[in-house]
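A.B. asks: fold the following.
(one chain, ligands or ions: 1)
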Amino acid sequence: MARIAFIGLGNMGSGMAANLIKGGHEVHAFDLSADALAHAVEAGAVAAKSTADAVSASEAVVTMLPAGKHVRAVYEGEIFAAAAPGTLFMDCSTIDVDSARHVGGLAKEKGFRFVDAPVSGGVAAATAGTLTFMVGGSEADFAVAEPFLQAMGKAVIRGGDLGAGQAVKICNNMLLAITMIGTCEAFALAQKLGLDPQKFFDISSKASGQSWSMTSYCPVPGPVPTTPANNGYKPGFATAMMLKDLKLAQDAAQKAGATTPLGAQAEALYAMFDNLGGGPSDFSGIYKLLDGSWNQR
Ligand code: NAD
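C.D. replies: Coordinates of the predicted model:
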């Protein structure tokens, strides 16, 4: 079992670190928030005084930070000076592809191992250890990272070289947003045409309108009892998080010269929902905006 540094013990990181501890690893944790750090210590982590303190003498490092600027700040700081030769760095935050390639490049220049490994699955999956990891990095670095990521997830898949994990993540979430909005529109129209939502679900889920957004995450209450729609649209995966990923996708599309008109439209609709107070709601709650009932809550 290994000594692992864990930097960023917020909503996601706290559950992930707890699963590394359950897997028998010694986790040295650091977070700028004293509360987050205290919570990690309750779960069995050793509190470090700084990023450098956590990283020194650790053979692997996980970072789980809010956005690209935080990841750049941590990796451009004291982290490499404190690390032992051969240390493996795994950045599991969702960030822009350029920042992932930049910090991964810095690590590789200094002779360290590095993978970008963003996750699919929200706080519940982080706690349960059932995250899906989308990984970018060399085959050799992936082979070393895989067992650590397996301790926190149910699927660990390499998408390609540095940055590929982030690229897969934003393309996947752009597609998810588009299919969710399309599913919501179809249910809203079905209802206006006098159809019973359950009947529409029974038929469309077995016809060509079927998608994950319909059959696993149905945005109307009833047909799939476990979805946030049955729980007042409590996340789940918050609209504010989806909007962050859609902005990353549009930024990447612009830089890569890709044409993504539906991705742009999805970003605009989620931005509108966020402005109207939907940010903390589950992203499937955009159904309420599209069926016209959001303002009548
Ligand atoms: P969070 O804000 O709850 O946690 C981030 C933690 O990082 C905070 O505790 C903060 O204090 C800490 N931090 C920030 N800068 C730091 C620094 N320089 N040094 C040490 N600690 C620092 O965020 P979260 O919900 O845990 O999300 C983390 C990442 O996971 C994000 O990139 C997010 O997009 C991604 N993600 C989140 C979800 C979700 O449902 N919450 C799902 C998938 C992916």
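A.B. asks: export the lengthiest strand in the chain as PDB, just CAs?
C.D. replies: Identified as the longest strand of the chain according to DSSP state E is strand 153-160. Taking C-alpha atoms only, strand 153-160 is exported to PDB below (Å, rounded to 0.1, in the frame of the first residue of the first chain):
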ATOM      1  CA  GLY A 153     -14.000   4.100  -9.200                       C
ATOM      2  CA  LYS A 154     -15.800   1.400 -11.200                       C
ATOM      3  CA  ALA A 155     -14.300   2.200 -14.600                       C
ATOM      4  CA  VAL A 156     -10.900   3.600 -15.600                       C
ATOM      5  CA  ILE A 157     -10.400   4.200 -19.300                       C
ATOM      6  CA  ARG A 158      -7.500   5.700 -21.200                       C
ATOM      7  CA  GLY A 159      -8.600   8.100 -24.000                       C
ATOM      8  CA  GLY A 160      -5.100   9.000 -25.400                       C
END
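A.B. asks: just the buried positions in it, please.
C.D. replies: By neighbour count on 16 or more other CB atoms under 10 Å, the buried set for strand 153-160 is 153, 156, 158-159. C-beta here means a position set from N, CA and C on the backbone, and glycine is covered the same way.
A.B. asks: could you find the closest non-adjacent residue to whatever residue of the chain ends up closest to the ligand?
C.D. replies: Going by CB to the nearest ligand atom, the ligand is nearest to residue 10 of the chain, at 1.8 Å. Among residues not flanking residue 10 along the chain, residue 36 sits closest, at 5.9 Å (CB to CB, 6 or more residues apart in numbering).
A.B. asks: the one you found is in contact with residue 9, isn't it?
C.D. replies: Yes - between residue 36 and residue 9 there is a contact at 4.5 Å, judged by CB atoms under 8 Å.
A.B. asks: pull out the buried positions in the helix or strand of the chain with the lowest mean pLDDT.
C.D. replies: Within the chain, judged by mean pLDDT, DSSP states H and E, the helix or strand with the poorest mean is helix 123-128; its value is a mean of 93. Residues of helix 123-128 classed as buried by neighbour count (16+ other CB under 10 Å): 123, 125-127.
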